[in-house]
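K.L.:
Just need the structure, nothing else, for what follows:
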Amino acid sequence: MKHFLLAGCSLGLVALAGCAVGPDFKKPAAPASGLYGQGTKLSRTQAVTGKAEQDAAGLQGGAQVFHVGQDIPAQWWTLFRSPALDQLVRKALANNPSLESARNALSAAQENRLAQQSAYYPSISGSFNPTRNKTSRTYSPVPNSNQWLYTVHTAQLNISYVPDLWGGVRRGVESATALRDAQRDQLRAVQLTLTSSVVQAAIDYATLKEQLDTTQSLVNLQRNLLDSARKQEKAGEFSQNDVALQHTALAQNEATLAPLQKQLEQQKHLIAALVGDTPDVPQPEFSLKDFTLPADLPVSVPARLIEQRPDIRTAQANWHAACAQVGVAVANRLPNIQLGATPGYAAASIAQMAAPGYGQWTIAAMITQPLFDGGLLRHQENAARAAYDQAASDYRSTLLSALQDVADTFTALRLDATTLADNAEAATAAGDSLRIALAQYKYGAISQIVMLAAQQAHLQTELALAQSRADRLADTVALFQALGGGWWNSKESEAPHNPSWHPDKGLAVLLP
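P.N.:
Below is the predicted model of the structure:
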């Protein structure tokens, strides 16, 4: 009967050990929406075409085509076909301190997870305690030698084990694993942000350089016109007012050179910081003609986006960790069992420890149940549940922000392509107008005011054209970043998408 009771108790403990209190985390469902708004509500049988392709500018003016389901390469920046940009990004990935910090944080999270798993196993420690003792003559001599002075050498093991009856340890490991996953996705987010920032910084540098060169060219033209105006003033053909107007226009455009130069130098400093260099280290030069606008762009549906975006994955992992912490808090309020054993030896000399009869041991079991703690454990459980609800809200907020980000990027791609075509047309017209105005101005056919207006229009259209070219490049960078950057195609990452999905099953959507 006694053996049956022991067997029944053992089975009961095993059954208890198989359960885990607290809610089980369920992966959130994918968004029901198929795409990202009215501007991207696309049909699989019909392409959506914007304004007709125009490439009057010769740079960054070609057509781009969306391919739903097309995968993203891990090194997506190589699609811009700039060897200098590729080298710059690789240098940033190797030297950026923020990325190195994220790697170290991931290592720490992994070690914390492994440390949490140690609670699955018994805890064993050893001790050796030699003592010299004296017994008061009030008592009988304690050792069997009947000596008032004696020495005791004690060596023993301390073994303790707490069975995971309610799954609190497993929930703790589950939480630590989710936090490790969150840190891993945070590393991916840092890497994606870094690569996007480097590419964008190079594009911004090229844009500022283009604006500076355009402004400098106009300033040189206006200096020549000012010299011509002064000569004509001496000849009596121009008035002092005509010369003053030309001088004013020159001074106004010269005043824009220093701010542009300042921004250009600061952009160099930014690039140096991103790649882990000090500001005095030379960086490669970039111009807008160094970048090729990728013609084929991927489109990931929302169901895949939640598996690709590192920020969404991080929010989901944090939600999972908060869910597991509820189980930890619940388990802390329930009865628990602690098992212990202390086998060892106690002898008057070390030599006696090898002799039989000097061994000793203790086996103990203890059941604990919190009775009164001033509401500590109850409030900790309430806090864990509130943190779980907070993490769920954070996940939904992150998901909505990601969908908005992608939708905004698609809108920018579509409309900035039209803007570039319009600015290219305007720049061509303004250039023709300036050349005609220069010829007419030399022969006195137009006034000084008309000439200055033609110069200003030419400058504005050239600056707008440079910015439009940069915008199309920046929109493409933003798209790769918004869709997750292709980290799953790196050697160390697992693919988050359905392997049965093939890029060729998607549709094509033409942008001008």
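K.L.:
Tell me which stretches of the protein form strands.
P.N.:
Under the criterion DSSP state E, the chain contains strands at 64-68, 123-134, 149-161, 296-299, 336-341, 344-347, 359-360, 363-368, 508-511.
K.L.:
Let me have these in TSV, adding mean neighbour count as columns.
P.N.:
Any C-beta I mention is one placed from the backbone N, CA and C, and that applies to glycine too. TSV is the format used below for these (neighbours: other CB atoms under 10 Å):
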stretch	mean neighbour count
strand 64-68	19
strand 123-134	10
strand 149-161	15
strand 296-299	20
strand 336-341	15
strand 344-347	18
strand 359-360	12
strand 363-368	10
strand 508-511	20
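K.L.:
Correct me if wrong: Arg180 contacts Ala115.
P.N.:
No. Counting by CB atoms under 8 Å, Arg180 stays clear of Ala115, with 11.3 Å between them.
K.L.:
out of those two, which sits in the more crowded spot?
P.N.:
Neighbours were counted for Arg180 and for Ala115 using other CB atoms under 10 Å; Arg180 has more, 22 against 11.
K.L.:
What is the neighbour count of the closest residue to that one other than its chain neighbours?
P.N.:
Counting by CB to CB, 6 or more residues apart in numbering, Ala109 is the residue found nearest to Arg180 once chain neighbours are left out, at 4.3 Å. A count of neighbours around Ala109, defined by other CB under 10 Å, yields 21.
K.L.:
Enumerate every residue touching Ala109.
P.N.:
Residues counted as contacts of Ala109 (CB atoms under 8 Å, 6 or more residues apart in numbering) are 176, 179-180, 182-184.
K.L.:
now it: how far from Leu339?
P.N.:
Distance from Ala109 to Leu339, counting by CB to CB, to the nearest Å: 31 Å.
K.L.:
Check Ala92 too.
P.N.:
Distance of Ala92 to Leu339, computed by CB to CB: 54 Å.
K.L.:
And for Thr314?
P.N.:
In this view, Thr314 and Leu339 are 39 Å apart by CB to CB.
K.L.:
okay, the nearest residue to Met353 once chain neighbours are set aside: pLDDT?
P.N.:
Sequence neighbours aside, Tyr345 is the residue nearest to Met353 in space, at 4.5 Å (criterion: CB to CB, 6+ apart). You'll see Tyr345 listed with a pLDDT of 91.
K.L.:
what domains does the record give for the chain?
P.N.:
Domain assignment for the chain, taken from automatic domain parsing, gives 16-120+166-334+376-511, 121-163+335-368.
K.L.:
among the ones you listed, which gets the worst mean confidence?
P.N.:
domain 16-120+166-334+376-511 (a mean of 85).
K.L.:
about what we covered before: what's the most buried one of the domains of the chain?
P.N.:
domain 16-120+166-334+376-511 (a mean of 18; mean count of other CB atoms under 10 Å).
K.L.:
And the helices in the chain, which stretches?
P.N.:
Secondary structure of the chain, counting by DSSP state H: helices at 2-17, 83-95, 97-117, 168-234, 240-254, 257-274, 302-308, 310-331, 376-442, 448-482.
K.L.:
Present the ones you listed as JSON lines; the columns should include distance to Ser140.
P.N.:
Output for the helices of the chain, formatted as JSON lines (distance: least, CB to CB, whole Å):
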{"stretch": "helix 2-17", "distance to Ser140": "39"}
{"stretch": "helix 83-95", "distance to Ser140": "76"}
{"stretch": "helix 97-117", "distance to Ser140": "49"}
{"stretch": "helix 168-234", "distance to Ser140": "48"}
{"stretch": "helix 240-254", "distance to Ser140": "108"}
{"stretch": "helix 257-274", "distance to Ser140": "80"}
{"stretch": "helix 302-308", "distance to Ser140": "77"}
{"stretch": "helix 310-331", "distance to Ser140": "49"}
{"stretch": "helix 376-442", "distance to Ser140": "48"}
{"stretch": "helix 448-482", "distance to Ser140": "84"}
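K.L.:
Indicate which one of these is closest to Val65.
P.N.:
Taking CB to CB, helix 376-442 is the member of these nearest to Val65, at 11.0 Å.
K.L.:
can you give me how far the closest one is from the chain middle?
P.N.:
Centroid separation for helix 376-442 versus its chain: 17 Å, with CA atoms, centre = their mean, to the nearest Å.
K.L.:
cool, and stretch 372-380?
P.N.:
Here stretch 372-380 shows a centroid-to-chain-centroid distance of 38 Å under the convention CA atoms, centre = their mean.
K.L.:
Residues in contact with it: which ones?
P.N.:
Applying CB under 8 Å, 6+ apart, the external contacts of stretch 372-380 come out as 329, 332-333, 370.
K.L.:
Out of those residues, which is nearest to Asn133?
P.N.:
Pro370 (39.2 Å).
K.L.:
pretty sure that closest one is in contact with Asn336, am I right?
P.N.:
No. Contact criterion CB under 8 Å: Pro370 and Asn336 do not qualify, at 9.2 Å.
K.L.:
thinking again about what came up before, same list, the strands of the chain, but as JSON lines with distance to Leu257 please.
P.N.:
Formatted as JSON lines, the strands of the chain follow (distance: least, CB to CB, whole Å):
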{"stretch": "strand 64-68", "distance to Leu257": "34"}
{"stretch": "strand 123-134", "distance to Leu257": "72"}
{"stretch": "strand 149-161", "distance to Leu257": "76"}
{"stretch": "strand 296-299", "distance to Leu257": "36"}
{"stretch": "strand 336-341", "distance to Leu257": "75"}
{"stretch": "strand 344-347", "distance to Leu257": "85"}
{"stretch": "strand 359-360", "distance to Leu257": "90"}
{"stretch": "strand 363-368", "distance to Leu257": "77"}
{"stretch": "strand 508-511", "distance to Leu257": "35"}
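K.L.:
wait, which of those strands is closest to Val406?
P.N.:
strand 296-299 (8.9 Å).
K.L.:
Surely Leu420 and Arg469 touch.
P.N.:
Yes. Applying CB under 8 Å, one finds Leu420 in contact with Arg469, separated by 6.5 Å.
K.L.:
Leaving out chain neighbours, which residue sits closest to Gln116?
P.N.:
Nearest residue to Gln116, sequence neighbours excluded (CB to CB, 6+ apart): Ala176, at 4.1 Å.
K.L.:
so what's the one you found up against?
P.N.:
Ala176 neighbours (CB under 8 Å, 6+ apart): 109, 112-113, 115-117, 321.
K.L.:
Turn the residues you listed into JSON lines, columns for distance to Leu434.
P.N.:
Listed next are the contacts of Ala176 as JSON lines, based on distance: CB to CB, whole Å:
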{"residue": "Ala109", "distance to Leu434": "61"}
{"residue": "Asn112", "distance to Leu434": "66"}
{"residue": "Arg113", "distance to Leu434": "67"}
{"residue": "Ala115", "distance to Leu434": "71"}
{"residue": "Gln116", "distance to Leu434": "71"}
{"residue": "Gln117", "distance to Leu434": "73"}
{"residue": "Ala321", "distance to Leu434": "63"}
